[in-house]
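**Q** A structural model of the following input is requested.
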Amino acid sequence: MNRRDLIRKALLSAGALSSGRALPRQENSLPKGHHSYPTPPKRTDGGPMPNILWVCTDQQRFDTIQGLSNSLIHTPNLLRFASESVTFTNAFVQTPICAPSRGSFLTGRYPHCTGLRANGQRIRSTEQLITRIFADYEYTCGLAGKLHLSPCFGGRIEDRIDDGYEIFQWSHDITDTWPGRNEWRNWLDRQGVKLPKFPAQHMWGMPIDPKYSQTAWCGEMAIQFMRQQKDFNPWLFSCNIFQPHHPFFPSEEYLAKYDPAKMPNPVYREGELSNKPLFQRIDHEGAYGGSQISFAKTSPEEHRRVTAAYYAMIEQADTAFGEMLQALDESGQADNTIVIFMSDHGEMLGDHGIYLKGPYFYDCLTRVPLMVRWPGHYKAGTKVDALVELIDLAPTLLEAAGIPVSSAMQGCSLNSLLTGQTKDHRESVYTEFLDANASYAIPPMLTSVRTAKYKLSLCDKPRSGELYDLEKDPGEFNNVWDDAHYKDTQEIMLELLVARMIEASDPSPERHAPW
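**A** Next comes the predicted model:
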């Protein structure tokens, strides 16, 4: 029996991961330093290869963490984690929608290069996920929650490429669209827990014990994996929590903590969309091309209720995250585990008169939390204001583990920022939305480039653009695209956008000869 078979047997013994029930901790009965399985691999410098706990929430804005940018939300575990980690204050996604964003940061490549530039597409089978690379270097990789690298609509089960996940606890969302295949729902059935029928509304407090939420289940699966894997390092676990993605359904217990009357109103100025691309005016009347929640038809009281529910969902995720951190501490694995907390994209939350997400590049949608901890290696308790892209994560993790970075990867390692060796990284971030959501009569094809001072977006059809002076207008209300005073700035930013688009061309396949 090889090392991988030994690991799998240990992980699945007694139904540890399939039953959803925590196992009692057992001390290793073998003498310290002696075991019957192969010695874990080492980095090229001889050090142990780090474990990786990768926690990714769904649709969480950058400004939703207590102590960093929000005084109303309660996220004590993330507050503590900020004191132990490196916090990136300007981390940006490469597309503001689920599947293409996930395919991008899992490969270190831009969405148009992976073949997954839109929800409903399937990532190319030739794409190499970072989890596949780690698995090739004797990591055991596991997942609980969402993956979303191929279609999974209308009861269709998400199919998989060779992704490297040995433990795969798939739960795309909280619905029962996939009877018998949503592992969280299966787990609830084994607990004898029946969910009430979901109401046809956007915000609701679910009348269940929070420990039965999909969020808590994702965290529990991560904890079981980490405890079982303790003696079989190294490992990587993707904990992909569905919250705070809509519908805004926190548990009642968490929703009760947030008084809607004390919640902020959405940041919107009447008439601000008049000179902005058509798709924003469409989504003002109803998100996703008119099919979902309408800002225009929602009362001020309802706006604040949605925000309260959104914050409550994030606090639930914070609770699960804290339990995962505690399990790492208790198992003695914290010091050699890289922990990442992030999200795949943001949420409009009524800002600019729009809910959910779509073909636009406001910071509330493209800017996400990103916090990374590795005790003794990364500079704890620091904030990094440099512009970074989520495709930078894949080469960062490979470099940390001493694994060669593929020439097909387009990201730039963050390790110099994480160790405090430099404060500089990127001069701009590039984002795209290439018909990524099939909700519009005219396919939205847009690209964007952002620097510290300006943001420019270009829409193909109907041809239009946005230009924001972020120093004078950080809220991105005043589109100066047609302002004569910004003509030179517009030309410079358009040249930068073209340069970034050229730079984002696929570097693969690798060149092997001059001709």
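
**Q** give me every residue that touches residue 449.
**A** Contacts for residue 449 (C-beta atoms under 8 Å, 6 or more residues apart in numbering) come out as 428, 429, 430, 431, 455, 456, 493, 496, 497, 500. To be clear about C-beta, it is placed using only N, CA and C from the backbone, and glycine gets the same treatment.

**Q** next one: residue 346
**A** For residue 346, the contact set (C-beta under 8 Å, 6+ apart) comprises 59-62, 93, 96, 357, 363-368.

**Q** just these now: which is nearest residue 163?
**A** Using C-beta to C-beta, residue 93 comes nearest to residue 163 of the contacts of residue 346, at 20.2 Å.

**Q** what about the closest one, how many neighbours?
**A** Neighbourhood size, residue 93 [other C-beta atoms under 10 Å]: 27.

**Q** pLDDT score assigned to it?
**A** On pLDDT, residue 93 comes in at 98.

**Q** shouldn't residue 101 be in contact with residue 110?
**A** No - between residue 101 and residue 110 there is no contact under C-beta atoms under 8 Å: 10.7 Å.

**Q** Now do the shared contacts for the two.
**A** Common contact partners of residue 101 and residue 110 (C-beta under 8 Å, 6+ apart): residue 94.

**Q** Can you tell me how far residue 475 is from residue 424?
**A** Residue 475 sits at a distance of 26 Å from residue 424 (criterion: C-beta to C-beta, to the nearest Å).

**Q** Of the two, which one has the most company?
**A** Applying other C-beta under 10 Å to residue 475 and residue 424 shows that residue 475 carries more neighbours, namely 16 against 9.

**Q** surely the more buried one meets residue 268?
**A** No - using C-beta under 8 Å, residue 475 is not in contact with residue 268; the gap is 9.8 Å.

**Q** can you pull out the strands in the stretch 301-450 of the chain?
**A** Counting by DSSP state E, counting those that start in this stretch, the stretch 301-450 of the chain has strands at residues 337-343, 367-368, 370-373, 382-384, 388-389, 429-434, 445-450.

**Q** try the stretch 101-250 of the chain
**A** Under DSSP E, counting those that start in this stretch, the stretch 101-250 of the chain gives strands at 140-145, 165-170, 235-240.

**Q** Tell me, how many residues neighbour the residue lying closest to residue 136 once chain neighbours are set aside?
**A** Of all residues not flanking residue 136 in the chain, residue 164 sits nearest, at 7.5 Å (C-beta to C-beta, 6 or more residues apart in numbering). By the measure other C-beta under 10 Å, the count of residues near residue 164 is 21.

**Q** do the same with the one 5 residues further on
**A** Residue 169 has 26 neighbours, counted by other C-beta under 10 Å.

**Q** Could you do residue 47 as well?
**A** With other C-beta under 10 Å as criterion, residue 47 counts 12.

**Q** show me what contacts it?
**A** Contact analysis of residue 47 by C-beta under 8 Å, 6+ apart lists residue 402.

**Q** Is the residue nearest to residue 136 in contact with residue 141, as I believe?
**A** Yes - here residue 164 reaches residue 141: they are 5.0 Å apart, a contact under C-beta under 8 Å.

**Q** Distance of residue 72 relative to residue 66?
**A** Look at residue 72 and residue 66: by C-beta to C-beta, they are 9 Å apart.

**Q** what's residue 53 sitting at in phi/psi?
**A** With angles defined as degrees, to the nearest 10, residue 53 sits at phi -110, psi 110.

**Q** how much space between it and residue 316?
**A** Noted for residue 53: a distance of 18 Å to residue 316, by C-beta to C-beta.

**Q** and if you look at residue 331?
**A** Distance, residue 331 to residue 316, using C-beta to C-beta: 23 Å.

**Q** Identify each buried residue in stretch 415-427, please.
**A** 415, 417, 418, 425, 426 (16 or more other C-beta atoms under 10 Å).

**Q** same thing with stretch 304-314?
**A** By 16+ other C-beta under 10 Å, the buried positions in stretch 304-314 come out as 304, 305, 306, 307, 308, 309, 310, 311, 312, 313, 314.

**Q** Ends of stretch 123-138, what's the gap?
**A** Terminal residues of stretch 123-138 are spaced 24 Å apart (C-alpha to C-alpha, to the nearest Å).

**Q** CA atoms only for stretch 383-399, dumped as PDB, please.
**A** Listed next in PDB are the C-alpha coordinates belonging to stretch 383-399 (Å, rounded to 0.1, in the frame of the first residue of the first chain):
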ATOM      1  CA  LYS A 383      -1.400  45.800   6.500                       C
ATOM      2  CA  VAL A 384      -0.300  45.900   2.800                       C
ATOM      3  CA  ASP A 385      -1.900  48.600   0.700                       C
ATOM      4  CA  ALA A 386      -0.300  47.600  -2.600                       C
ATOM      5  CA  LEU A 387      -2.500  46.600  -5.400                       C
ATOM      6  CA  VAL A 388      -2.800  42.800  -5.700                       C
ATOM      7  CA  GLU A 389      -4.800  40.400  -7.900                       C
ATOM      8  CA  LEU A 390      -6.200  37.100  -6.700                       C
ATOM      9  CA  ILE A 391      -4.200  35.200  -9.500                       C
ATOM     10  CA  ASP A 392      -1.200  36.100  -7.400                       C
ATOM     11  CA  LEU A 393      -2.200  33.500  -4.700                       C
ATOM     12  CA  ALA A 394      -1.300  30.400  -6.700                       C
ATOM     13  CA  PRO A 395       2.400  31.300  -7.300                       C
ATOM     14  CA  THR A 396       2.600  32.600  -3.700                       C
ATOM     15  CA  LEU A 397       1.600  29.200  -2.300                       C
ATOM     16  CA  LEU A 398       3.800  27.200  -4.600                       C
ATOM     17  CA  GLU A 399       6.800  29.400  -3.800                       C
END
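
**Q** List the buried residues in that stretch.
**A** 384, 386-399.

**Q** pLDDT (mean, whole number) over that stretch?
**A** In this model, stretch 383-399 carries a mean pLDDT of 98.

**Q** again, but for stretch 446-456
**A** In this model, stretch 446-456 carries a mean pLDDT of 98.

**Q** now stretch 269-285
**A** Stretch 269-285 carries an average pLDDT of 97.

**Q** who's in contact with the nearest residue to residue 240 once chain neighbours are set aside?
**A** Spatial nearest neighbour of residue 240, chain neighbours left out: residue 145 (3.5 Å); criterion: C-beta to C-beta, 6+ apart. Going by C-beta under 8 Å, 6+ apart, residue 145 touches 169, 170, 171, 214, 218, 221, 238, 239, 240, 241, 242.
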